[in-house]
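no FASTA, just this:
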């Protein structure tokens, strides 16, 4: 029996992984796909975004959500049972796409494909790292000493040993393909510099392709045939000498809000909280007064985007809830007070 190929989509918070997957769905040309979506936080935002895309063939049973912690920390408890259910279905998928949380290390997940329960039925077709070109251009996770020095001056948490940079480097080191996303937010000169910086950190032969809002066809992302689980030695990690790792450096919490009458005013309050309290990532759904559609909010650092994605379903409870992700020690009361206004 041939093994089912699986693609691991990794990348830092807000890089555009979910947008990439939505475009993949639109260009799959009838190929039967299944998805494993991992959330760091209390609210299944990414799964709902995919279900809300309105694409024919995107069914509830084909999307498995893991919301009990980072996927690389809960492989045995959550990921393996979910994979077994997918590969043992009477009508199994032709391809499995796994979206990790922005804080996940890809290598432990790839290693899990060597477990006997999975190895006989599935293989890692490729690891795709989605990179935020604008973030790298600003020097947040680059190895450019001047950029790192500037970040250290602006925020003492972002030094060379910062856990965020280790996550970023591990994701690049494990990649079979790098998607340099948000190319429209940087100049051609900045994009060329980012490509050079990233390429210097990649394994030989790994390609870098550019995109805007993750707009790439399935043909460019699937079918890499990397068999990554058989090539672990060439994929170095900061955690190779550790038995396991955790994410005690990060925390998340959610804020329930009343019906929102002015989304622009809410956006301004969120951006103020991001700047004041050092929030890394914000995402959620909002019930806007007088609107039949659900409002989506997604932000990384000082950049925030909003849009209506789908109509509220009949019988669905309309609600507003925002997930906040940041380094350990977030001032939860302060952030919530700022966002509530």
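Cool, got the structure. Quick caveat: nothing in here was measured; it's all calculated off a predicted structure.

Which residue ranges of the stretch 101-250 of the chain form strands?
Secondary structure of the stretch 101-250 of the chain (DSSP state E, counting those that start in this stretch): strands at 122-132, 177-181, 207-210, 250-257.

Mind putting these into JSON lines with distance to residue 300 and mean pLDDT?
Backbone N, C-alpha and C define where each C-beta goes, glycine included. Shown next, in JSON lines, are the strands of the stretch 101-250 of the chain (distance: least, CB to CB, whole Å; pLDDT from 0 to 100):
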{"stretch": "strand 122-132", "distance to residue 300": "7", "mean pLDDT": "94"}
{"stretch": "strand 177-181", "distance to residue 300": "11", "mean pLDDT": "95"}
{"stretch": "strand 207-210", "distance to residue 300": "18", "mean pLDDT": "92"}
{"stretch": "strand 250-257", "distance to residue 300": "14", "mean pLDDT": "84"}
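
For residue 227, which of those is the nearest?
strand 122-132 (5.4 Å; CB to CB).

can you pull the contacts of residue 303?
14, 134 (CB atoms under 8 Å, 6 or more residues apart in numbering).

and the angle for the lengthiest helix in the chain with strand 250-257?
Assignment by DSSP state H gives helix 263-277 as the longest helix of the chain. Angle, helix 263-277 to strand 250-257, by axes from the mean of the first three to the mean of the last three CA atoms, to 10 degrees: 150 degrees.

Does anything pack onto helix 263-277? Which helices or strands?
strand 281-286, strand 293-300, strand 303-311, strand 320-327, helix 332-340 (3 or more CB pairs under 8 Å, 6 or more residues apart in numbering; DSSP states H and E).

most tightly surrounded among the ones you listed?
strand 281-286 (a mean of 23; mean count of other CB atoms under 10 Å).

That one relative to strand 303-311, how many degrees between them?
Using the same axes, to 10 degrees: strand 281-286 against strand 303-311 is 30 degrees.

on contacts alone, who are the packing partners of strand 281-286?
Where contact means 3+ CB pairs under 8 Å, 6+ apart, strand 281-286 is packed against helix 45-51, strand 250-257, helix 263-277, strand 293-300, strand 320-327.

Pull the residues that contact that strand.
For strand 281-286, the external contacting residues (CB under 8 Å, 6+ apart) are 13-14, 41, 43, 45, 48, 102, 254-255, 257, 260, 263, 266, 270, 274, 294-300, 304, 319-326.

show me the contacts for residue 217.
Applying CB under 8 Å, 6+ apart to residue 217 gives the contacts 23, 24, 27.

Quick check: the second one vs residue 131, distance?
Look at residue 24 and residue 131: by CB to CB, to the nearest Å, they are 17 Å apart.

pLDDT (mean, whole number) over stretch 324-341?
Averaged across stretch 324-341, pLDDT comes to 88.

what's the first-to-last distance across that stretch?
Stretch 324-341 has an end-to-end distance of 16 Å (CA to CA, to the nearest Å).

Run the chain-centre distance for it.
Distance of stretch 324-341 from the chain centroid (CA atoms, centre = their mean, to the nearest Å) equals 21 Å.

Next: stretch 216-236.
Mean C-alpha position of stretch 216-236 versus that of the full chain (CA atoms, centre = their mean) differs by 17 Å.

residue ranges with poor pLDDT in this structure?
1, 39-78, 103, 140-163, 239-250 (pLDDT under 70).

Show me how it divides into domains.
4-234, 250-340 (automatic domain parsing).

which one of the ones you listed is the most hemmed in?
domain 4-234 (a mean of 19).

Save the helices and strands packed on strand 281-286 as a markdown table, and put in distance to residue 138 too.
Below are the helices and strands packed on strand 281-286 laid out as a markdown table (distance: least, CB to CB, whole Å):
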| stretch | distance to residue 138 |
| --- | --- |
| helix 45-51 | 24 |
| strand 250-257 | 20 |
| helix 263-277 | 15 |
| strand 293-300 | 11 |
| strand 320-327 | 18 |
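
I'd like to know which of these is closest to residue 183.
strand 293-300 (15.9 Å).

Starting from that closest one, tell me which strands it pairs with and how they run.
Strand 293-300 sits in its sheet next to strand 281-286 (antiparallel), strand 303-311 (antiparallel), going by DSSP bridges.

mind putting those in CSV, distance to residue 193 included?
Below are the strands paired with strand 293-300 laid out as CSV (distance: least, CB to CB, whole Å):
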stretch, distance to residue 193
strand 281-286, 25
strand 303-311, 20
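
So which of these is nearest residue 32?
strand 303-311 (22.7 Å).

So what angle separates the directions of the closest one and strand 122-132?
130 degrees.

what about strand 303-311, distance to the chain center?
Strand 303-311 has its C-alpha centroid displaced from the chain centroid by 17 Å (CA atoms, centre = their mean).
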